[in-house]
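> What would the 3D arrangement of this be:
(4 chains)
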2 protein chains.
Amino acid sequence: MWIAELSRRTDVPVATIKYYLREGLLPPGEAVGATRSRYDEAHVRRLRLIRALVESGGLSLARVRGVLAEVDEESRELHEVLGAAHGALIPDDLVATPESRLRVDDLVADRSWLVYSESRDRLLLAAALDALEKVGYHLDDELLETYASAATEIADAEVSHLPTDDRQRTVEATVLLTALGGPVLLALRRLAQQNASAHRYGTSHLPG
Amino acid sequence: MWIAELSRRTDVPVATIKYYLREGLLPPGEAVGATRSRYDEAHVRRLRLIRALVESGGLSLARVRGVLAEVDEESRELHEVLGAAHGALIPDDLVATPESRLRVDDLVADRSWLVYSESRDRLLLAAALDALEKVGYHLDDELLETYASAATEIADAEVSHLPTDDRQRTVEATVLLTALGGPVLLALRRLAQQNASAHRYGTSHLPG
DNA sequence: TAATATTGGAGAGTGATACTCTCTAAAAGT
DNA sequence: ACTTTTAGAGAGTATCACTCTCCAATATTA
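All right, here's what the predicted structure looks like:
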């Protein structure tokens, strides 16, 4: 298909597709003459993936580029792709206090989680805990444990629901579920918070 | 304290504080003469809250402004503040298919969640589900139920851990926990995903 | 065959966001 | 008297993610 059809199929303006091509987010089409290239289903899928990560996952194009590079890394073992993709999703200017880092290491050790010791996700969690401390809000162990248990249930279910037929699909689904499952989970948590809050504080009015 | 000290105490540049004042994110100090204002602890707290929401919660200043407006709405009942704050946290250009909205309504009804029927969080969840559908990834009922159960556990724990001594603190803690608890939860989920993935796919290498 | 439309490629322009800088006149400290 | 700080307002800057404009080279249609 030509670029116009690719645009129609994905609802992405031609100018934007050209921009993604320039930025290396989308691989070039098959050149047919000097002013024409042919695109295929892989381009449609890739373009939809990019838009999903940007629009719904809230990723910057730079981060999408990093994630796609990992997705395309065919040589990596499947269970390494997840860690690598996670790494690409994480900002690179993270800092955390030694206290939080230790707390995270202890949590991981207590649960015997198989996580690379250099995993940047550890740092991400430590930084998130620090952010709460900084505004005077300490997340106590009980709540943190509840989070960790819930996270375990979720992650186990997610990984067991991953398609395994085709490597490329598995990798794509992994990235998608990590990036787009987050918003789903957070939205559910908010609905559940409203419910919990209504039960605790809502005496006078009943939700309609 | 003068603006210089406010800046020192919060690590926010004077120019940025002035910008927040202009933008109405920070209430003006007590004017002392024409070229001098006095700021107090409330300003320190407010400024730290703003930075936390922006830097760690990833909110735009426009959204922070909306959240703060709800936080300052003294007349509202406590259990309404949460819904209002949630509303302010949600983008206003959301759309979702009727199918997803129905699915969300059913989920809420099945669990007998006390959630306002007009709650924009319903729409947020429906839109998140749509985003996954759009890239050809259907979140099946089993996984959605797992998410919902986990979300319930988390939300119940969160709401029961909220401080209740002082109204202003409760409201602030609610906003903080909603905005900054998300990153904590997502980071934990990622660590748990790596663990699950290692158990499922990681046969040859052991994490070091 | 002539007129019209589409494409690849590259550079420039745009609009939003979140600052950051500069300036002025007033006042406070020394 | 002199230096420093401030409020307030406007202008300038950096980044991001497009979006527009242009050109020569084709393709398509009349």
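> show me what contacts the nearest residue to A:His43 once chain neighbours are set aside?
Nearest residue to A:His43, sequence neighbours excluded (CB to CB, 6 or more residues apart in numbering or on different chains): A:Leu6, at 5.8 Å. The way it works is simple: take the backbone N, C-alpha and C, and place the C-beta from them, glycine included. Shown in contact with A:Leu6 (CB atoms under 8 Å, 6 or more residues apart in numbering or on different chains): A:12, A:17, A:39, A:43-44, A:47.
> Next secondary structure element downstream of the helix or strand harbouring A:Leu6?
Per DSSP states H and E, A:Leu6 falls inside helix A:3-10. Downstream of helix A:3-10, the first helix or strand assigned by DSSP H and E is helix A:14-22.
> Just the buried positions in that following helix, please.
A:17, A:20-21 (16 or more other CB atoms under 10 Å in any protein chain shown).
> next one: stretch A:106-121
For stretch A:106-121, a neighbour-count test (16+ other CB under 10 Å) marks A:107-108, A:111, A:113-116, A:119-121 as buried.
> that older thread, okay, the contacts of A:Leu6 in JSON lines with pLDDT next?
Below are these laid out as JSON lines (pLDDT from 0 to 100):
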{"residue": "A:Val12", "pLDDT": "96"}
{"residue": "A:Ile17", "pLDDT": "97"}
{"residue": "A:Tyr39", "pLDDT": "96"}
{"residue": "A:His43", "pLDDT": "96"}
{"residue": "A:Val44", "pLDDT": "96"}
{"residue": "A:Leu47", "pLDDT": "96"}
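> DNA strand D next: which of those residues are close?
By CB under 7 Å from any atom of the strand, no member of those lies near DNA strand D.
> Which of the buried residues of helix A:14-22 sits closest to A:Asp165?
A:Tyr20 (27.9 Å; CB to CB).
> then the helix holding A:Leu6 to CSV, C-alphas only?
Extracted C-alpha coordinates of helix A:3-10, given in CSV (Å, rounded to 0.1, in the frame of the first residue of the first chain):
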residue,chain,number,x,y,z
ILE,A,3,1.5,6.1,2.3
ALA,A,4,-2.0,7.5,1.8
GLU,A,5,-3.6,4.2,2.5
LEU,A,6,-1.3,3.6,5.5
SER,A,7,-2.5,6.9,6.8
ARG,A,8,-6.2,6.0,6.2
ARG,A,9,-5.8,2.6,7.8
THR,A,10,-4.3,4.0,11.0
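> Just name the shakiest helix or strand of chain A by mean pLDDT.
Ranking every helix and strand in chain A by mean pLDDT, DSSP states H and E puts helix A:78-89 at the bottom, with a mean of 87.
> so after it, what's the next helix or strand?
helix A:98-110.
> Now do that next one, average pLDDT.
Mean per-residue pLDDT for helix A:98-110: 97.
> Among the buried residues of stretch A:106-121, which are located in helices?
A:107-108, A:120-121 (DSSP state H).
> For the residue nearest the centre of chain A, list the residues it contacts.
Residue closest to the average C-alpha location in chain A (CA atoms, centre = their mean): A:Ala179, at 2.5 Å. Taking CB under 8 Å, 6+ apart, we find A:Ala179 in contact with A:52-53, A:56-57, A:59, A:67, A:89.
> Now do the buried residues in stretch A:22-31.
Buried residues in stretch A:22-31, counting neighbours by 16+ other CB under 10 Å, are found at A:25-26, A:29.
> okay, among the buried residues of stretch A:106-121, which ones form the most distant pair?
Farthest pair in those (CB to CB) is A:Arg111 and A:Arg120. Separation: 18.6 Å.
> that older thread, could you export the contacts of A:Ala179 to JSON lines, including columns for secondary structure?
Shown next, in JSON lines, are those (DSSP: H, G, I helix; E, B strand; the rest coil):
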{"residue": "A:Ala52", "secondary structure": "helix"}
{"residue": "A:Leu53", "secondary structure": "helix"}
{"residue": "A:Ser56", "secondary structure": "helix"}
{"residue": "A:Gly57", "secondary structure": "coil"}
{"residue": "A:Leu59", "secondary structure": "coil"}
{"residue": "A:Val67", "secondary structure": "helix"}
{"residue": "A:Leu89", "secondary structure": "helix"}
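> which residues of chain A score low on pLDDT?
Along chain A, the parts satisfying pLDDT under 70 run over A:203-208.
> So which bits of it are right by DNA strand D?
So chain A meets DNA strand D at A:13, A:15-16, A:18-19, A:32-36, A:54, A:60-62 (CB under 7 Å from any atom of the strand).
> and which of the contacts of A:Ala179 is nearest DNA strand D?
A:Leu59 (7.2 Å; CB to the nearest atom of the strand).
> shouldn't that closest one be in contact with A:Leu68?
No. Between A:Leu59 and A:Leu68 there is no contact under CB atoms under 8 Å: 10.5 Å.
> hang on, the earlier thing: and DNA strand C, which of the buried residues of helix A:14-22 reach it?
A:Leu21.
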